[in-house]
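K.L.:
Any chance you can model this:
(chains A and B)
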Amino acid sequence: MSTASSGPWAASYATLDDLVAGRLPDDNGRYGAFGGRFVPETLVQALSRLENGAREAFRDPAFRQALDNELSDWVGRPTPLTRANRLGEAWGATVYLKREDLTHTGAHKINNAIGQALLARRLGAARVVAETGAGQHGVAAAAACARLGLPCTVYMGAIDAKRQAPNVDRIRRLGAELLQVTKGDQTLRSAIDEALRDWVSDPESTYYMLGSAVGPHPYPWLVCELQSVIGREARAQILEQEGRLPDLAVACVGGGSNAIGLFHPLLEDRQIEMLGIEAGGTGEDHGLNAATLRFGTAGVLHGSYSTLLQDEHGQIQETHSVSAGLDYPGVGPEHAFLHSIGRVKYETISDDEAVAAVDECCALEGILPALESAHALAGAKRWAAGRRDSCILIGLSGRGDKDLATLMSYPRGNES
Amino acid sequence: MNGAALLEHSIRAAAVRRPALAAFLTGGFPEMDAFGSLLRRVAAAADIVEIGIPFTDPMADGVTIQESSRKALESGVTLSWILETVERAECEAPIVLMSYLNPVIAMGLTTFARRAAEAGVAGLIVPDLPLEECEPIKSALDDTGVALVQLVTPVTPPRRLERLCRLSQGFVYAVTVTGTTGGDVGHSVAMLDYLDRVCEVSPVPVLAGFGIRDAAQVRAVSTHADGVIVGSALIEVLERGGDPIAFLRKLTDEGKVEVET
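P.N.:
Residues are numbered from 1 along each chain as shown, chains lettered A, B, ... in the order given. Coordinates of the predicted model:
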């Protein structure tokens, strides 16, 4: 499992041992060939300041204590690990759900947002900018900034704003300025483009609160650090409740923050298989899905070298997914690395399968999962189909209230 | 002459009389068919022509260049087509390509370096490639004599500024605003001081760019840099269907000042 990963940009050798031992990202912000810092000169100093500031903060017991307090008293951690008895019965497996849907604001995004908001305040930022896809990071950023008294501007693609309208209102009610992006593909990718442009205009006093495990170093590392609480808790909880580690850990992957948060603390438990589920959308052709690791090739987008959905000329492709949170043509560099060394397998689930998984989880467990998380449920079900009596840990990254409009208008042609 | 020498020569020759002028065109904009002849005419009126390679996610660009890039991509412009067009145009002035990294990676670094050299391209600017990451592309370009131009900004610390200037080939691109292309550039004392600092440490000529729009601004920066890069303002002239050559002539004529030699 420790093979070389290399790309056409800069070949670099790294192994799972390097990652588990904390030697990755390396000094250049690389996970093997992936990662790095591909940004305009204007942002180079700001990223160095952020990296140094974050490393110092994590070493400071007072900062860690403040973060722990916010996570327990305001976010509502630890989140429960729910044994999903009826899903398990239906699938012929033991199924556990890590309930990030029960956090304050309803998705794992808040773990990262409150951590980065504390960091922004510590670094003396005058304002915060953030991007959002499904709106969950926008809501989390707005809430965390309100909590700490930081002015916040959120960029959201106009298409996303339409399909996640309740979150637009929530973001504004939480006191953030919400700017709709009508350029580019008008989804998460254009929102990141625009947030980066905002940051380039004032890199000294603006803090960019990136919501996924993507972007230039140190963001993929920083977001992983803040989301790893998911996997740490889940590991301890399943040992206590089930007396063993799971056979499989599964999570959905857009940029990949909830998945890296669940996977990263479990990487050294090599007996645990891991499965990341990307958005298969409506088909395999260009523009019909957002399955980056399945169909993508290596390149640079949003400041890091990773796997991308792009054409032969290096232009980034439009993507599609029923779930706005997975609708992104790139993926975090740590996932690209884990894919390259084979530690994590990545598969796809279609729009139809995800919607069916929402229904099944509602009917059997009384839980309305986010469409993003439903991809993980459907992936777990398919994995369980070939195996008897296995134990599966599923990252339920968020709740589905935000998706009601999408679900109500979703064509149900195949229903019996 | 290799690309770096060609660029330096062109700027120094112009700067004897007036600030050197680098004109920016978005590749294939406003019309693919007419771009070759536009390129030739602009190359006759400017000292350097910078051609932007359209990219879907141009994070360092303001609205004007984003929009022109989008239109060019829609009409089917590719890096390959731009290289062919440059080769056929046989321009008077040296050509510099400005490309985000990904289209160059997609072509392959060595293929790009070879084809750019064959097309007569003198230099390359990559806005999302900081110093720390530029080695692979630099070694590919060095083999074929195409210059790699570095950018410096008002927030670049002194030591790093010096290093960037030393490594830059042909000229140094001094970004005059902290922000995206086309942003509002003041004539603040701080900005002029910054340009003076760049000139002081740079062994190669210094061109000021990002947000230079009119002759008054050209005059203002001309005693603090060897020349200017005009981008968004020229694209706006093309968008309006105006005369780009008349616009450039106005900048060179009215931008003229007593240049100390």
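K.L.:
contacts and neighbour counts: CA atoms only from here.
P.N.:
Fine.
K.L.:
So the closest residue to chain B within the stretch 301-416 of chain A, which state does it fall into?
P.N.:
For the stretch 301-416 of chain A and chain B, the shortest gap (Cα to the nearest Cα) falls at residue A:314, measuring 4.3 Å. What DSSP: H, G, I helix; E, B strand; the rest coil gives for residue A:314 is coil.
K.L.:
neighbours of it, just the number please.
P.N.:
Using other Cα atoms under 10 Å in any protein chain shown, residue A:314 has 26 other residues around it.
K.L.:
Repeat that for residue A:311.
P.N.:
14.
K.L.:
What sits closest to the residue of the stretch 301-416 of chain A closest to chain B if chain neighbours are left out?
P.N.:
residue B:103 (4.3 Å; Cα to Cα, 6 or more residues apart in numbering or on different chains).
K.L.:
Tell me the spacing between the one you found and residue A:58.
P.N.:
37 Å (Cα to Cα, to the nearest Å).
K.L.:
and if you look at residue A:273?
P.N.:
Distance from residue A:273 to residue A:58, by Cα to Cα: 30 Å.
K.L.:
between the two, which one's more packed in?
P.N.:
Between residue A:273 and residue A:58, counting by other Cα under 10 Å, residue A:273 is the more crowded of the two (18 against 14).
K.L.:
Please identify the helix or strand for the residue nearest to residue A:314.
P.N.:
Using DSSP states H and E, residue B:103 sits in helix B:101-107.
K.L.:
Least confident secondary structure element in the chain?
P.N.:
As the question left the chain open, I've gone with chain A. When the helices and strands of chain A are scored by mean pLDDT, DSSP states H and E, helix A:158-163 comes last with a mean of 89.
K.L.:
Let me rephrase: I mean chain B.
P.N.:
Least confident helix or strand of chain B, by mean pLDDT, DSSP H and E, is helix B:215-222 with a mean of 88.
K.L.:
List the beta-bridge partners for residue B:49.
P.N.:
residue B:23, residue B:95 (DSSP bridges).
K.L.:
can you count the residues close to it?
P.N.:
26.
K.L.:
residues touching the spatially closest residue to residue A:228 that is not a sequence neighbour, list them.
P.N.:
Spatially, and ignoring its direct neighbours in sequence, residue A:228 is nearest to residue A:261 (4.0 Å; Cα to Cα, 6+ apart). Applying Cα atoms under 8 Å, 6 or more residues apart in numbering or on different chains to residue A:261 gives the contacts A:224, A:225, A:226, A:227, A:228, A:229, A:230, A:231.
K.L.:
Just to be sure, the second one is in a helix?
P.N.:
Yes: according to three-state DSSP, residue A:225 belongs to a helix.
K.L.:
OK, contacts around it?
P.N.:
residue A:261.
K.L.:
roughly how far apart are it and residue A:55?
P.N.:
Taking Cα to Cα, one finds residue A:225 at 11 Å from residue A:55.
K.L.:
now do residue A:80
P.N.:
29 Å.
K.L.:
what do you get for residue A:46?
P.N.:
For residue A:46, the distance to residue A:55 - Cα to Cα - is 14 Å.
K.L.:
And these two? Which one has more around it.
P.N.:
Taking neighbours as other Cα under 10 Å, residue A:46 and residue A:55 compare with residue A:46 leading, 20 against 13.
K.L.:
Can you tell me the closest non-neighbouring residue to the more buried one?
P.N.:
Closest to residue A:46 by Cα to Cα, 6+ apart is residue A:203, at 6.0 Å.
K.L.:
ok, that neighbour - how many residues close by?
P.N.:
Using other Cα under 10 Å, residue A:203 is surrounded by 22 other residues.
K.L.:
what's the answer for residue A:297, then?
P.N.:
Neighbour count of residue A:297, defined by other Cα under 10 Å: 18.
K.L.:
What are the neighbouring residues in contact with the closest residue to residue B:69 other than its chain neighbours?
P.N.:
Counting by Cα to Cα, 6+ apart, residue B:69 lies nearest to residue B:54, which is 4.6 Å off, once chain neighbours are set aside. Contacts of residue B:54 were listed using Cα under 8 Å, 6+ apart, and they are B:26, B:27, B:69, B:70, B:72, B:73, B:77, B:78, B:79, B:99.
K.L.:
Quickly note the distance from residue B:54 to residue B:144.
P.N.:
Taken as Cα to Cα, the span from residue B:54 to residue B:144 is 23 Å.
K.L.:
Skipping adjacent residues, who's closest to the closest residue to chain A within chain B in space?
P.N.:
As assessed by Cα to the nearest Cα, chain A sits closest to residue B:179 within chain B, at 3.7 Å. Spatial nearest neighbour of residue B:179, chain neighbours left out: residue A:201 (3.7 Å); criterion: Cα to Cα, 6+ apart.
K.L.:
Report how many residues lie close to whichever residue of the stretch 151-300 of chain A sits closest to chain B.
P.N.:
Ranked by Cα to the nearest Cα, the top residue of the stretch 151-300 of chain A for proximity to chain B is residue A:201, at 3.7 Å. Residue A:201 has 17 neighbours, counted by other Cα under 10 Å.
K.L.:
List the contacts of it.
P.N.:
Residue A:201 neighbours (Cα under 8 Å, 6+ apart): B:178, B:179, B:180.
K.L.:
Quick check: phi and psi on it?
P.N.:
Dihedral angles of residue A:201 (phi, psi; degrees, to the nearest 10) stand at phi -70, psi -20.
K.L.:
where's it relative to residue A:42, distance?
P.N.:
9 Å.
K.L.:
Can you give me the neighbour number for residue A:276?
P.N.:
Here the count is done by other Cα under 10 Å, and residue A:276 has 26 residues near it.
K.L.:
How about residue A:27?
P.N.:
9.
K.L.:
Now for it: which residues touch it?
P.N.:
Residue A:27 neighbours (Cα under 8 Å, 6+ apart): none.
K.L.:
returning to that earlier point: find the helix or strand that the residue nearest to residue A:228 is a member of.
P.N.:
Here residue A:261 is assigned to helix A:257-263, by DSSP H and E.
K.L.:
how far is that helix from where the chain is centred?
P.N.:
7 Å (Cα atoms, centre = their mean, to the nearest Å).
K.L.:
Can you show me the strands along the stretch 1-150 of chain B?
P.N.:
Using DSSP state E, counting those that start in this stretch, the strands found in the stretch 1-150 of chain B span residues B:20-26, B:48-52, B:95-98, B:121-125, B:147-152.
K.L.:
Ok, the stretch 301-416 of chain A next?
P.N.:
A:304-308, A:345-350, A:390-396.
K.L.:
what's the answer for the stretch 151-261 of chain B, then?
P.N.:
Counting by DSSP E, counting those that start in this stretch, the strands of the stretch 151-261 of chain B are B:172-175, B:206-209, B:227-230.
K.L.:
could you dump those strands to a markdown table with mean pLDDT, mean neighbour count and distance to chain A?
P.N.:
Below are the strands of the stretch 151-261 of chain B laid out as a markdown table (pLDDT from 0 to 100; neighbours: other Cα atoms under 10 Å in any protein chain shown; distance: least, Cα to the nearest Cα, whole Å):
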| stretch | mean pLDDT | mean neighbour count | distance to chain A |
| --- | --- | --- | --- |
| strand B:172-175 | 96 | 25 | 9 |
| strand B:206-209 | 95 | 26 | 14 |
| strand B:227-230 | 95 | 26 | 17 |
